[in-house]
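A.B. asks: One predicted model, sequence on top.
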Amino acid sequence: MCAHTRNERSRLALHACCGPCLLEPFDALLAEGYDPIIVFANPNIEPKGEYVLRLETLRSYADSRGIRVVEIDTGEELWRAATSGLERPARCHACYRVRLGLVSEWAASAGIELVATTLSVSPYQDAAAIARAGAAVAEAAGVRFLERDYRDRYADATRRSRDLGMYRQSYCGCLASGDEAAAERAARRQARKARRPRD
Ligand code: SF4
């Protein structure tokens with residue numbers, strides 16, 4: 001049990017991409033003595049129904065624990081302009097900058113000096129690129145990015161989100177990532193089929 005009272009804790013704007021990815025980073029930051037406010041700033045998520053589903057999943061969990069969630073809804077144009085014509089990994093690096101930039105600017109306007117993200121719990125994300133992007137956009141906004149790598153907690157996040165019956169998405173967020181994930185699943189199916197012994 002952490003000995004900090006709420007007033008002693010350092011406020012922190014925690015960028016969250018979805019409910020399942022929130023679970024472990026949020027608890028880890030609490031255990032470190034931070035007081036995280038969740039900021040949902042994800043103009044990359046398409047289509048709109050998917051965006052709403054991820055936000056509602058996150059809100060529902062946060063409400064159950066009395067955690068505050070702030071949504072920054074810019075519409076998709078900002079994200080689209082920043083990533084136009086880019087392929088992975090450059091597209092993802094620009095995507096990190098947009099999302100963490102929005103959170104950093106919000107934190108600065110709210111008088112919160114620290115920013116972190118749940119993104120690094122996913123082994124499918126580039127933790128080093130997230131740290132670089134976070135540090136750069138936080139500095140530009142006059143706040144500080146708290147670098148954390150939560151990949152070793154991914155298995156726990158997966159288990160907990162399944163136990164809670166949370167919606168778990170099958171692609172990162174943008175439409176291109178949906179196509180890429182589908183192509184990767186198809187390639188894995190093909191590879192499994194090719195390995196099967198023939199009669
Ligand atoms: S794959 Fe994910 S991180 Fe990369 S651009 Fe798309 S939504 Fe952003």
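C.D. replies: Nice, thanks for sending it over.

A.B. asks: Would you mind listing what in this structure touches the ligand?
C.D. replies: Residues of the chain lying close to the ligand by C-beta under 6 Å from any ligand atom are 44, 83, 91, 92, 95, 172, 173, 174, 176, 177. C-beta: built from backbone N, CA, C; applies to glycine.

A.B. asks: and the third one, how many neighbours does it have?
C.D. replies: Yep, that's residue 91 we're talking about. A count of neighbours around residue 91, defined by other C-beta atoms under 10 Å, yields 18.

A.B. asks: before we move on, what SS does residue 171 have?
C.D. replies: Three-state call for residue 171 (DSSP: H, G, I helix; E, B strand; the rest coil): coil.

A.B. asks: Tell me, how many residues neighbour residue 30?
C.D. replies: Residue 30 has 15 nearby residues by other C-beta under 10 Å.

A.B. asks: For it, give its distance to residue 139.
C.D. replies: Going from residue 30 to residue 139 by C-beta to C-beta, to the nearest Å gives 26 Å.

A.B. asks: wait, isn't residue 126 in contact with residue 89?
C.D. replies: Yes - in this structure residue 126 lies within contact range of residue 89 using C-beta atoms under 8 Å: 6.4 Å.

A.B. asks: more neighbours, the two?
C.D. replies: Each of residue 126 and residue 89 has its neighbours counted (other C-beta under 10 Å); residue 126 has more, 17 against 11.

A.B. asks: what sits against that one?
C.D. replies: 89, 92, 93 (C-beta atoms under 8 Å, 6 or more residues apart in numbering).

A.B. asks: What ranges in this structure fall below the confidence cut-off?
C.D. replies: 1-8, 199 (pLDDT under 70).

A.B. asks: Do a quick rundown of the helices in this protein.
C.D. replies: For the chain, the helices defined by DSSP state H cover 19-31, 48-65, 77-83, 90-109, 127-141, 154-163, 175-195.

A.B. asks: Isn't residue 105 up against residue 138?
C.D. replies: No - with contact defined as C-beta under 8 Å, residue 105 does not count as touching residue 138 (9.7 Å).
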